[in-house]
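K.L.:
Provide a 3D model corresponding to the input given below.
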Amino acid sequence: MVESKKSFQEQLLNAEQMNPSYKEKYEKEVRAMLEEKLTGFKKAAHIGSLVLGLIFMIMFGTLAVILPRDFPLWGRAMFVIGAIFGLAIVGLERRILKRGTLNLKVDNFAIAGLGWGLIVILATITLVFTSQFADPMLSIRMIVYLLVFQIGAGVIMIRAIVERSEVNVREKLLEIEYRLAEMAEGMALKDKR
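P.N.:
Sure, this is the predicted structure:
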């Protein structure tokens, strides 16, 4: 029994040569699996996100500049951060729309990460500076609102992580499938000789 295992192991190791045609087929299928063409509703959703990012960038950037001098510095910093995240959304959505495809491994995670990151940073700043609010009820309301948004952003982030894991598993299974097909072909050719 040990000899049969050893001979099978040796056969597998001997069949380990890379077949360029299988590698090319594998890479083509991985690209097809990872790249989703933008059409119809999905394209409109990404155009909407681009417009929303522009609105965030302009609105928050303008507010950061035109607020009165006595406005708290940390509040102004929150508007600047909102403008920066708006710019990041514009850049990401522009790249996606220019390509015409959505990379399921990278782009969904980046979109979710931007939303999650913005909410976490704003919530942290709000928590740190709650003692400086003139009205304590206002600080409590702001924290509650941010927590609601944080729960929503967290759900989207978890969904993006699950989808990315799913894509990673599908990619790995495809790789194993092709490697086994290569090895089976190699073993069949050696048996014929």
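K.L.:
Next, the buried residues of stretch 127-144.
P.N.:
129, 133, 139, 142 (16 or more other C-beta atoms under 10 Å). Every residue, glycine included, has its C-beta placed from N, CA and C.
K.L.:
List the contacts of the most centrally placed residue in the chain.
P.N.:
Among the residues of the chain, the one closest to the centroid is Phe109, at 1.1 Å (C-alpha atoms, centre = their mean). For Phe109, the contact set (C-beta atoms under 8 Å, 6 or more residues apart in numbering) comprises 160-161, 164.
K.L.:
Tell me the one of the buried residues of stretch 127-144 nearest Gly40?
P.N.:
Minimum distance to Gly40 across these is 38.0 Å, recorded for Met142 (C-beta to C-beta).
K.L.:
For that closest one, give me its contacts.
P.N.:
126, 130, 133.
K.L.:
Among the contacts of Phe109, which are located in helices?
P.N.:
Secondary structure assignment by DSSP state H places 160-161, 164 of the contacts of Phe109 in helices.
K.L.:
Compare those residues and tell me which is most surrounded.
P.N.:
Ala160 (20 neighbours; other C-beta atoms under 10 Å).
K.L.:
doesn't Asn108 make contact with that residue?
P.N.:
Yes. Using C-beta atoms under 8 Å, Ala160 is in contact with Asn108, at 5.0 Å.
K.L.:
Strands along this structure, start to end?
P.N.:
Assigned by DSSP state E, the chain shows strands spanning 35-37, 101-103.
K.L.:
mind putting these in JSON lines, mean neighbour count, mean pLDDT and distance to Gly113 included?
P.N.:
Shown next, in JSON lines, are the strands of the chain (neighbours: other C-beta atoms under 10 Å; pLDDT from 0 to 100; distance: least, C-beta to C-beta, whole Å):
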{"stretch": "strand 35-37", "mean neighbour count": "14", "mean pLDDT": "84", "distance to Gly113": "18"}
{"stretch": "strand 101-103", "mean neighbour count": "17", "mean pLDDT": "86", "distance to Gly113": "14"}
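K.L.:
Sort out which residues of stretch 77-93 are buried, please.
P.N.:
78-79, 81-90, 92-93.
K.L.:
again with stretch 145-158
P.N.:
146, 150, 153, 156-157.
K.L.:
what's the distance between the closest residue to Leu92 other than its chain neighbours and Ile96?
P.N.:
Leaving aside its sequence neighbours, Leu92 sits nearest to Ala110 (C-beta to C-beta, 6 or more residues apart in numbering; 5.7 Å). Distance, Ala110 to Ile96, by C-beta to C-beta, to the nearest Å: 9 Å.
K.L.:
Counting neighbours, go ahead and name the busier of the two.
P.N.:
Ile96 (22 against 15).
K.L.:
Surely the more buried one touches Leu104?
P.N.:
No. Judged on C-beta under 8 Å, Ile96 makes no contact with Leu104 at a distance of 11.5 Å.
K.L.:
Tell me the predicted confidence for the closest residue to Thr126 other than its chain neighbours.
P.N.:
Leaving out its chain neighbours, the residue that sits closest to Thr126 by C-beta to C-beta, 6+ apart is Met142, at 5.4 Å. Here the pLDDT value assigned to Met142 is 85.
K.L.:
Thanks a lot, see you next time.
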